[in-house]
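A.B. asks: Next one to model:
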Amino acid sequence: MKEKPALPPVPSLSLIKGRLPEIFPKGVDARPYLVREIAAKTIFVMFYTGAIEGEDRWIRPDQVTKMTDAQAAKTRDAERLKWIRDSVAPGKMKDLKGRWYAPNTREPIRDETLRAGLVMTGAVIEREGLSTTSSKGRYALEKEFAALFDPKLTPDQLESKIAAWQAHLAPGSRARIALIKGRAAAAGKTDVFVDFPNGERRRMAPGPSSALSKAAIEGFAPAFLEHPAIVFLSESSRKVVAQDNELARRIGLRIEPDRNLPDIILADLGPTRPLLVFLEVVVTDGAITAARREALLAIAREGGFETDRVAFVSVFEDRAASVYRRLSSELAWDSFVWFASEPDCVLILRGPERRAKAKLSDLL
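C.D. replies: Below you'll find the model as predicted:
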């Protein structure tokens, strides 16, 4: 009878890198920590050392820094077991050539990749009973998570196992994944149909901008406005989809598409004094910056709107989206940010134009 190997097989680093974005799609909390290369290499080292739930083997973050490409290619049990011993021996591997990371990288591996990422999502378990100062290995792959890296899985089997494992994720993450996947399907090759607050349905061209516009009109408007109405809606090609000239006239707004209008203009007709809402849908660029806010505010003032009756909203798909991270420092004060993946929440950038300075207790 063939003897069972002392250590489990090790999937290739490229396979791990390729599957992490599938396991942790857009919408997952702390996704940047989970899909970057250092996460893949941390998982690789766990496989290499056999640190998988139920095996009673554990790693320390500094072991990830001590792996090299040459060592990773040595996959026989004897070679792996020797490296496991040497990588935790005091004084060993001090002047290691070709190491994956500098010794001080163990802190971000521990704090970001493991604690804030893989442990928080249930992909990695922590050894119980260890003191915080213990030098023993503390981390291992959760068994079902480790099974997702089996190279023998067919695409259908992998998809099914990933969907089952994602039950480990927080409810908010699962909801955001579903919303983003739904919008990705809507942003495909078929037209996007948008349901207006007044019951009308309009057709928009396929694409991510149309899908986000649909989310804003069907999600943001009813959640944050008393009596929402569409004043103006355009597509990314600047084609006008809807323009309510009669409503614009009633509220005093002059609509001319060649005036560089925003993607969406809403009006909240519920308050005694109507609220004008300018929304920019941000897929790659075009958020509401300070300059953009001033230009739109000038249009509102022409219609007789006072500053406190005008709102500015930048619409993004998700907080983890790269475009939001890139543009967040450019967003205007005294504006709002709405994320389609979290439709019941809004980010308020409260700036200096507020008449009275408020303490935190006043804002709660």
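A.B. asks: For Thr42, give its distance to Trp338.
C.D. replies: Distance, Thr42 to Trp338, using CB to CB, to the nearest Å: 34 Å. Where you see a C-beta, it was placed from the backbone N, CA and C, and this is true even at glycine.
A.B. asks: And those two? Which one has more around it.
C.D. replies: A direct count of neighbours by other CB atoms under 10 Å for Thr42 and Trp338 places Thr42 higher, at 27 against 21.
A.B. asks: so that one is in which element?
C.D. replies: Taking DSSP states H and E as the definition, Thr42 sits inside helix 37-49.
A.B. asks: Relative to the whole chain's centre, how far out is the helix or strand following that helix?
C.D. replies: Going down the chain from helix 37-49, the next helix or strand is helix 61-65, by DSSP H and E. A distance of 27 Å separates the centroid of the chain from that of helix 61-65, by CA atoms, centre = their mean, to the nearest Å.
A.B. asks: Equivalent analysis for stretch 82-98, please.
C.D. replies: From the chain centre to the centre of stretch 82-98 is a distance of 37 Å (CA atoms, centre = their mean).
A.B. asks: and Leu81, how many neighbours?
C.D. replies: 14.
A.B. asks: element containing the residue nearest to it when sequence neighbours are not counted, please.
C.D. replies: Of all residues not flanking Leu81 in the chain, Ala6 sits nearest, at 6.8 Å (CB to CB, 6 or more residues apart in numbering). Ala6 is part of no helix or strand, with elements assigned from DSSP H and E.
A.B. asks: Does Ala6 touch Lys82 like I think?
C.D. replies: No. Using CB atoms under 8 Å, Ala6 makes no contact with Lys82, being 11.9 Å away.
A.B. asks: Tell me which of these two has more neighbours.
C.D. replies: Lys82 (13 against 10).
A.B. asks: Now the more buried one. Its backbone dihedrals?
C.D. replies: phi -60, psi -40 (degrees, to the nearest 10).
A.B. asks: same deal with the one 5 residues further on?
C.D. replies: According to degrees, to the nearest 10, the main-chain angles of Ser87 amount to phi -70, psi -20.
A.B. asks: Which helix or strand lies directly C-terminal to the strand or helix carrying Glu294?
C.D. replies: Assessed by DSSP H and E, Glu294 sits inside helix 290-302. Remark: after helix 290-302, the chain's next helix or strand is strand 310-316, criterion DSSP H and E.
A.B. asks: That following strand pairs with which strands, and in what direction?
C.D. replies: Here strand 310-316 has these sheet partners by DSSP bridges: strand 275-281 (parallel), strand 335-339 (parallel).
A.B. asks: Check what contacts the shortest one and list those residues.
C.D. replies: If I follow you right, that is strand 335-339. By CB atoms under 8 Å, 6 or more residues apart in numbering, the residues outside strand 335-339 that reach it are 216, 220, 224, 288, 293, 311-319, 324, 331, 345-349, 351.
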